[in-house]
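Trainee: Quick one, structure for this:
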Amino acid sequence: MAPTGHEPGPEALFDDEFIAAGGHPTQVHAFHQFLYVPLGRIVVTALGRDHELSPSVALWIPAGIPHSARFDPVSLVVPETFEPDPHRLPYSEVTSVNVSDAQRQLLLSRTRASEVSEEDPAVFAVLCAGHRDVLPLPQPTGRSAATVAGELMRNPRDPRTASEWAESLYASTTSLRRAFRAETGLAFSEWRTRLRLNHSLQLLAAGHMVSTVAARVGVSTNGCILAFRRYFGETPGACVKRSATRTAA
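Mentor: Presented below is the predicted three-dimensional model:
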């Protein structure tokens, strides 16, 4: 097993024989694992932290990290595994990632293949693609919340409050807020903040000034800087420089 700096405790298990319909107790893999859940939800616990997976949020588990899992009664888990030596994973910790359309199509096509899917460097590259700082953003599934989410993804700067969105949909504010919390695990305000920050990362990477980015996502320049410090621990400019340096390396 490749050393990772995470030493499993005596309770850790080292194989998949204990996986059941409801999940599995703590175990450790000698390989990197990408977990995708096209149906239902599961919760993976690693190093004292819970990671909720849904059809829009997947999980990278680097080799050597102890983890356990709980499955919803109706859920489908699609795992992809990669040996650590030939595959340099950009994450050293268990990391939630948003699933792109290209990744979703690739993963589902591999589940439909008549032959057993083999480890593939091209697949690994696709699953590792994307900005590493992008925040996990589960997508709501109910009509009202999904409608609001779709509009905000098209126009992140839309200033309407949850109450104003609810009124436009002839729904109650309470039901809309509850829908976001139940379907994404996030409050409406937190969901919109993450959306705006993810959109900001794309605009910054394209070379736009912080003031321009802030205006395009509907916040003040100072508000944008404060949000970056809260979620990423650095200013927007520092985040872009670090990402560029990492990409070049």
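Trainee: C-alpha only now, for contacts and for neighbours.
Mentor: Fine.
Trainee: for the strand or helix carrying R104, what is the average pLDDT?
Mentor: Here R104 sits within helix 101-112, counting by DSSP states H and E. Averaged across helix 101-112, pLDDT comes to 89.
Trainee: Put the alpha carbons of the longest helix belonging to the chain into CSV.
Mentor: Under DSSP state H, the helix in the chain containing the largest number of residues is helix 188-205. Output of helix 188-205 as CSV, limited to C-alpha atoms (Å, rounded to 0.1, in the frame of the first residue of the first chain):
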residue,chain,number,x,y,z
PHE,A,188,-30.9,28.4,-0.2
SER,A,189,-28.5,31.2,0.7
GLU,A,190,-25.6,28.7,1.0
TRP,A,191,-26.4,27.1,-2.3
ARG,A,192,-26.5,30.4,-4.1
THR,A,193,-23.2,31.5,-2.5
ARG,A,194,-21.5,28.3,-3.7
LEU,A,195,-22.9,28.8,-7.2
ARG,A,196,-21.7,32.3,-7.4
LEU,A,197,-18.2,31.4,-6.1
ASN,A,198,-17.9,28.5,-8.7
HIS,A,199,-19.0,30.9,-11.4
SER,A,200,-16.4,33.4,-10.1
LEU,A,201,-13.6,30.9,-10.4
GLN,A,202,-14.5,30.4,-14.1
LEU,A,203,-14.5,34.1,-14.8
LEU,A,204,-11.2,34.7,-12.9
ALA,A,205,-9.6,31.9,-14.8
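Trainee: what pLDDT, on average, does that helix get?
Mentor: On average, helix 188-205 scores 94.
Trainee: Mind checking what helix or strand follows that helix in sequence?
Mentor: helix 210-217.
Trainee: rewinding a little: packing partners for the helix holding R104?
Mentor: helix 121-128 (3 or more C-alpha pairs under 8 Å, 6 or more residues apart in numbering; DSSP states H and E).
Trainee: now the angle between helix 101-112 and the helix it packs on, please.
Mentor: Angle between the axes of helix 121-128 and helix 101-112 is 130 degrees (criterion: axes from the mean of the first three to the mean of the last three C-alpha atoms, to 10 degrees).
Trainee: show me where the chain has strands.
Mentor: Applying DSSP state E to the chain gives strands spanning 23-27, 32-39, 42-46, 49-53, 57-61, 67-71, 76-82, 95-98.
Trainee: Of those strands, flag the one that's most buried.
Mentor: strand 57-61 (a mean of 24; mean count of other C-alpha atoms under 10 Å).
Trainee: Tell me which residues are up against that one.
Mentor: Here strand 57-61 makes contact (C-alpha atoms under 8 Å, 6 or more residues apart in numbering) with 32-37, 51, 53, 91, 93-99, 136-138.
Trainee: Beta-bridge partners for the most centrally placed residue in the chain, please?
Mentor: Among the residues of the chain, V97 comes closest to the average C-alpha position under C-alpha atoms, centre = their mean, at 2.6 Å. Assessed by DSSP bridges, V97 has beta-bridge partners A58.
Trainee: Please look at it and P136 and confirm they touch.
Mentor: Yes: using C-alpha atoms under 8 Å, V97 is in contact with P136, at 5.4 Å.
Trainee: measure stretch 206-221 end to end?
Mentor: The straight-line separation of the ends of stretch 206-221 (C-alpha to C-alpha, to the nearest Å) is 17 Å.
Trainee: Now do the buried residues in it.
Mentor: 210, 213-214, 216-221 (16 or more other C-alpha atoms under 10 Å).
Trainee: Before I go, just wanted to say thanks for your time.
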